[in-house]
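Here is my input, please return the structure:
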Amino acid sequence: MDVLFDQSDAIFDGFWETIQLLLISGLFATVLGTFLAAMRVAPVRVMNAIGTTYVNTFRNTPLVVLFILVVFGLPELDIQYTFFEKATIALSIYTAAFVCEAVRAGINTVAAGQAEAARSIGMTFTQTLGRVVLPQAFRAVVPPMASVYIALAKNTSVAAGFGVTEATATLSALLNNDPQAAYWLFFGIGLGYVAIVAVISTGSHLLERHWAVAR
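Just a heads-up that it's a prediction; the model follows:
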């Protein structure tokens, strides 16, 4: 167990990289996914088709393939980013498809009469969506959104294969230096991921309970 204390700095650095990937990718994925959900429920067929195509394409594309396209494809287009930035792009694009479907499901739970009432007083589609529908939709999708973020936390490990020294990459490096400590290293890294998931789950539960009381 001493190896966990001896290598604590490296482990914490790896998890800090993981947390940054999670937070930044989660933010971009939420914004993009919400925009895509709005496109999917929009009364304009072209926007609806674009949103549907995006979701069907990236939700059914393996994340590793998307990483390969971003990491090796962008330089071919003379677009230069760091490995961390490329990982963030890949994770955001991929996760946005799942955020979109979660938000769209929440939009469908809002009674149609509320949107109709908003339109009857002269509100546009954008105003109706932003002021009436989405606030209620987000309350309904807290649990599925938490599941999306938990999946994103675990998906950050894919970045280890593409030059990002996050928690999983740190584990691999430490195992190479000290194979005899494999059990404790796996335990320590696994415990770190459990802690991240626990924070997301607890936050989701508290937010859901708060909004339930507000209703």
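
what ranges of the chain fall below the confidence cut-off?
Scanning the chain for pLDDT under 70 picks out 1-8, 161-185, 212-215.

The same query, at a cut-off of 80, please.
Residue ranges of the chain with pLDDT under 80: 1-14, 160-189, 210-215.

Identify the residue nearest the geometric centre of it.
Taking CA atoms, centre = their mean as the criterion, Gly26 is the residue nearest the geometric centre of the chain, at 3.9 Å.

Next, find the distance separating that one from Leu69.
In this structure, Gly26 and Leu69 are separated by 21 Å, where distance is defined by CB to CB, to the nearest Å. (Each C-beta comes from the backbone N, C-alpha and C, glycine too.)

if I pick the residue nearest to the centre of the chain, what's in contact with it?
If you count contacts by CB atoms under 8 Å, 6 or more residues apart in numbering, Gly26 has them with Thr95, Tyr149, Leu152.

Sticking with it, tell me its helix or strand.
Per DSSP states H and E, Gly26 falls inside helix 8-41.

Out of the contacts of Gly26, the closest to Trp211 would be?
Within the contacts of Gly26, distances to Trp211 taken as CB to CB reach their minimum at Tyr149, with 16.8 Å.

The closest one - nearest residue in space that isn't next to it in sequence?
Ile200 (5.2 Å; CB to CB, 6 or more residues apart in numbering).

Next, find the distance separating that neighbour from Ala153.
Taken as CB to CB, the spacing of Ile200 relative to Ala153 amounts to 7 Å.

May I have the secondary structure class of Thr61?
Secondary structure state of Thr61, per DSSP: H, G, I helix; E, B strand; the rest coil, is coil.

What is the burial count for it?
Here the number of neighbours of Thr61 (other CB atoms under 10 Å) works out to 14.

so it sits right up against Ile93, yeah?
No - applying CB atoms under 8 Å as the test, Thr61 and Ile93 come out as separate, 9.2 Å apart.

Quickly list what's touching both of the two.
By CB under 8 Å, 6+ apart, no residue touches both Thr61 and Ile93.

Out of the contacts of Gly26, name the ones that lie in strands.
With strands taken from DSSP state E, there is no overlap with the contacts of Gly26.

ranges for the helices of the chain?
2-6, 8-41, 45-59, 63-76, 83-109, 112-120, 125-128, 134-140, 142-155, 167-177, 182-214 (DSSP state H).

how much distance is there from the second one to the middle of the chain?
Between the mean C-alpha location of helix 8-41 and the chain-wide mean there is a distance of 5 Å, by CA atoms, centre = their mean, to the nearest Å.
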